[in-house]
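Trainee: the following comprises the amino acid sequence and a computationally predicted model.
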Protein chains: 2
Amino acid sequence: MTYCLGIVTKFGLVMACDSRTNAGYDQVNICRKMHTFVQPGERVFVILSSGSLSCTQSVITLLRRDFDKGEGLAKANSMYDAARILGAEVRKVGDMDRPSLERDDYKFNVHLLLGGQVKGEAPSLFLIYPQGNPLQATTESPYLQIGETKYGRPILDRGIQFESTPLEEAAKYALLSLDSTMKSNVTVGPPIDLLAYENDDMVITHQRRFGADDPDLNKIRTRWQQALRQAVSRLPTIRLSDSQTKVKPEDSIQLVESSAPAEAQPELQSQQENKSR
Amino acid sequence: MTYCLGIVTKFGLVMACDSRTNAGYDQVNICRKMHTFVQPGERVFVILSSGSLSCTQSVITLLRRDFDKGEGLAKANSMYDAARILGAEVRKVGDMDRPSLERDDYKFNVHLLLGGQVKGEAPSLFLIYPQGNPLQATTESPYLQIGETKYGRPILDRGIQFESTPLEEAAKYALLSLDSTMKSNVTVGPPIDLLAYENDDMVITHQRRFGADDPDLNKIRTRWQQALRQAVSRLPTIRLSDSQTKVKPEDSIQLVESSAPAEAQPELQSQQENKSR
């Protein structure tokens, strides 16, 4: 399985993905799912891929071949054009491989995320479907996901705002989204590729691979686990009625302010008390 | 869509579900998915259902008819036997409805959760598949879900431990798991049914329905949203290298301790201001 994620805000782009690939349950490998195509000062494209590795490899190989000849993405004059170039390549590989795959009941399941910037435009983010059609992220829906998308979505729904989320904060949410997915689905795993692109950089300056033993990755995962549990414990407490005598349903399960002692983060405590009625 | 959840710990059971049902996107209704069968002091069963409402209704109707005659669940001498009785009923309805459904390309997709206690045993929790076979929750995997399961899973993976999670805490995690699912999938929605069963109660004493406007439900949802964002802001901060000159990948995206000052909200604000360039 795979989990890839792109976020676009008014400050730039964050792209992130895992690197685990599996054919069945017993053939698990590592492969890079993040691919960059850069003409410094002119065009920056970051592509994340999910689906049958043989098919996504073909798409990337053909894109790279054209790009290196100064064709294809190397000539894209807008992000929309670039998304259409990816779509055309997906369709080309589909034409080659779909009939044989479908004869054996395999789906042609290539999904791509394309983030980047073409000179003269703002950065933008697209999802390209297996049918080749592109979907663009919007200010209201500023992130797109492919692969194993659900486990990592709730935390993004809480935190990502196009207008207000700084790039560093978006990168942190991306790591947490990947962490949630890795925790709930073992077929998504490190290394984690993370890339942050600031508006108008027109080159790639912030890109890092976090291996399974990376101390920074492990630190944020451990701290997040602790922080989540603390956050839960600071919420109002549920109180179950003591009596087995008939009580009103709303009294049988009550929500009461927790009497958490003032400790490590006293300001959080006092803020909660101010808000409670 | 539906989301149902059962948790078993050494202190008892928590069962929770939403109440939204939809046929297509334009026919959305409310229906109860939590069903209880109780012989005080002898047997307590709580059933949650997901799948085609017409089929789950049939299963519950037939179970109820037998129970009211003193048959079926009314005679189950163990939770395993009860799970097998549910499985047999699922198969019976399958025999009636599968051929016609499958002729029109509908799947017979009845899933049930069964939690409860039979006198002389500890409480236990089962999932009954559309094929009628039962799966039991274990001390290592102390919760089971049916329906739209993925959004609500990460928070459970963090918090639920068979040996140590008190029933009140498990109930809180159940509400948060439902909240995550409702936030990411609009076809899962209130009212929320929540039931907590303490070991050896042998009746149902803690059961509550939270409507969409329930102040307690809204309070925990709002507070959770705030707590999550605060938890993120307290994690180590991501720092992107300032320079566009070539730096080592691990320096281009660094994890640094956030210098969180005393106040919760202002600190978040100032932290963001520091970051914007």
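Mentor: Yes, it's here. Source: prediction; values computed, not measured. Residues are numbered from 1 along each chain as shown, chains lettered A, B, ... in the order given.

Trainee: going forward, measure contacts and count neighbours with C-alpha atoms only.
Mentor: Will do.

Trainee: report the next helix or strand after the helix or strand that contains A:L156 in sequence order.
Mentor: In this structure, A:L156 sits in helix A:153-159 according to DSSP states H and E. Sequence-wise, the next helix or strand downstream of helix A:153-159 (DSSP H and E) is helix A:167-184.

Trainee: in chain A, which helix has the most residues?
Mentor: Identified as the longest helix of chain A according to DSSP state H is helix A:79-103.

Trainee: what does whichever helix or strand comes after that one contact?
Mentor: Next helix or strand after helix A:79-103 toward the C-terminus (DSSP H and E): strand A:111-118. Strand A:111-118 is contacted from outside by A:4-6, A:13, A:15, A:42-51, A:76-79, A:83, A:123-130, A:144-147, A:197, A:200, A:202, using Cα atoms under 8 Å, 6 or more residues apart in numbering or on different chains.

Trainee: drop anything exposed from these.
Mentor: Among the contacts of strand A:111-118, the ones that count as buried by 16 or more other Cα atoms under 10 Å in any protein chain shown are A:4-6, A:13, A:15, A:42-51, A:76-79, A:83, A:123-130, A:144-147, A:197, A:200, A:202.

Trainee: roughly how far does A:T149 sit from chain B?
Mentor: 9 Å (Cα to the nearest Cα, to the nearest Å).

Trainee: that residue should be in a helix, yeah?
Mentor: No. Looking at A:T149 with DSSP: H, G, I helix; E, B strand; the rest coil, it is coil, so not inside a helix.

Trainee: what pairs with the nearest residue to it once chain neighbours are set aside across the strands?
Mentor: Counting by Cα to Cα, 6 or more residues apart in numbering or on different chains, A:T149 lies nearest to A:Y3, which is 6.4 Å off, once chain neighbours are set aside. Beta-bridge partners for A:Y3, by DSSP bridges, are A:G147.

Trainee: near A:Y3, how many other residues are there?
Mentor: As a burial measure, A:Y3 scores 29 neighbours (other Cα atoms under 10 Å in any protein chain shown).

Trainee: now do stretch A:133-147, average pLDDT.
Mentor: Averaging pLDDT along stretch A:133-147 gives 96.

Trainee: which other residues reach it?
Mentor: Contact partners of stretch A:133-147, identified using Cα under 8 Å, 6+ apart, comprise A:1-9, A:49-51, A:83-84, A:87, A:111-113, A:124-129, A:160-163.

Trainee: circling back: which ones among the contacts of strand A:111-118 map onto helices?
Mentor: Judged by DSSP H, those include A:M79, A:A83 as members of helices.

Trainee: am I right that A:G51 is in contact with A:V110?
Mentor: Yes. Shown here, A:G51 and A:V110 form a contact pair, counting by Cα atoms under 8 Å, at 4.6 Å.

Trainee: ok, A:P40 - contacts?
Mentor: The contact partners of A:P40, taken as Cα under 8 Å, 6+ apart, are A:M202, A:V203.

Trainee: quick check: pLDDT value at it.
Mentor: What the model reports for A:P40 is a pLDDT of 96.

Trainee: domains of chain A?
Mentor: What automatic domain parsing lists as the domains of chain A is A:3-227, A:236-276.

Trainee: A:D201 - nearest residue in space that isn't next to it in sequence?
Mentor: Closest to A:D201 by Cα to Cα, 6+ apart is A:G41, at 7.8 Å.

Trainee: and A:E148, by the same measure?
Mentor: A:E148's closest residue in space is A:Y3 (Cα to Cα, 6+ apart), at 5.1 Å.

Trainee: where does the closest residue to chain B within the stretch 1-150 of chain A land on pLDDT?
Mentor: Closest contact between the stretch 1-150 of chain A and chain B, by Cα to the nearest Cα, is at A:K150 (5.4 Å). For A:K150, the model assigns a pLDDT of 91.

Trainee: and it, what are its phi and psi?
Mentor: The phi/psi pair for A:K150 (degrees, to the nearest 10) reads phi -80, psi -40.

Trainee: and it, how many neighbours does it have?
Mentor: Count around A:K150 with other Cα under 10 Å applied: 23.

Trainee: show me the contacts for it.
Mentor: A:T181, B:K150, B:Y151.

Trainee: rerun at 6 Å
Mentor: Shown in contact with A:K150 (Cα atoms under 6 Å, 6 or more residues apart in numbering or on different chains): B:K150, B:Y151.

Trainee: just the residues contacting stretch A:93-103, thanks.
Mentor: A:F108.

Trainee: wait, stretch A:44-58
Mentor: Under Cα under 6 Å, 6+ apart, the answer for stretch A:44-58 is A:2, A:33-38, A:109-117, A:147, A:202.

Trainee: can you say which of those residues are buried?
Mentor: Buried among those (16+ other Cα under 10 Å): A:2, A:33-34, A:37-38, A:109-117, A:147, A:202.

Trainee: need the max-distance pair from the residues you listed.
Mentor: Across those, the longest distance by Cα to Cα is 31.0 Å; it joins A:N109 and A:M202.

Trainee: double-check that A:F37 belongs to a helix.
Mentor: No. Counting by three-state DSSP, A:F37 falls outside a helix, being strand.

Trainee: now it: closest residue in space that isn't a chain neighbour?
Mentor: Distances taken as Cα to Cα, 6+ apart place A:F45 nearest to A:F37, at 5.0 Å, with adjacent residues excluded.

Trainee: what pLDDT does the one you found get?
Mentor: The confidence metric pLDDT takes the value 98 at A:F45.

Trainee: shaky segments in chain A?
Mentor: A:23-27, A:243-246, A:259-277 (pLDDT under 70).

Trainee: A:I238 versus A:K248, what's the distance?
Mentor: Applying Cα to Cα, to the nearest Å, the value for A:K248 to A:I238 is 16 Å.

Trainee: give me the more crowded residue out of these two.
Mentor: A:I238 (19 against 13).
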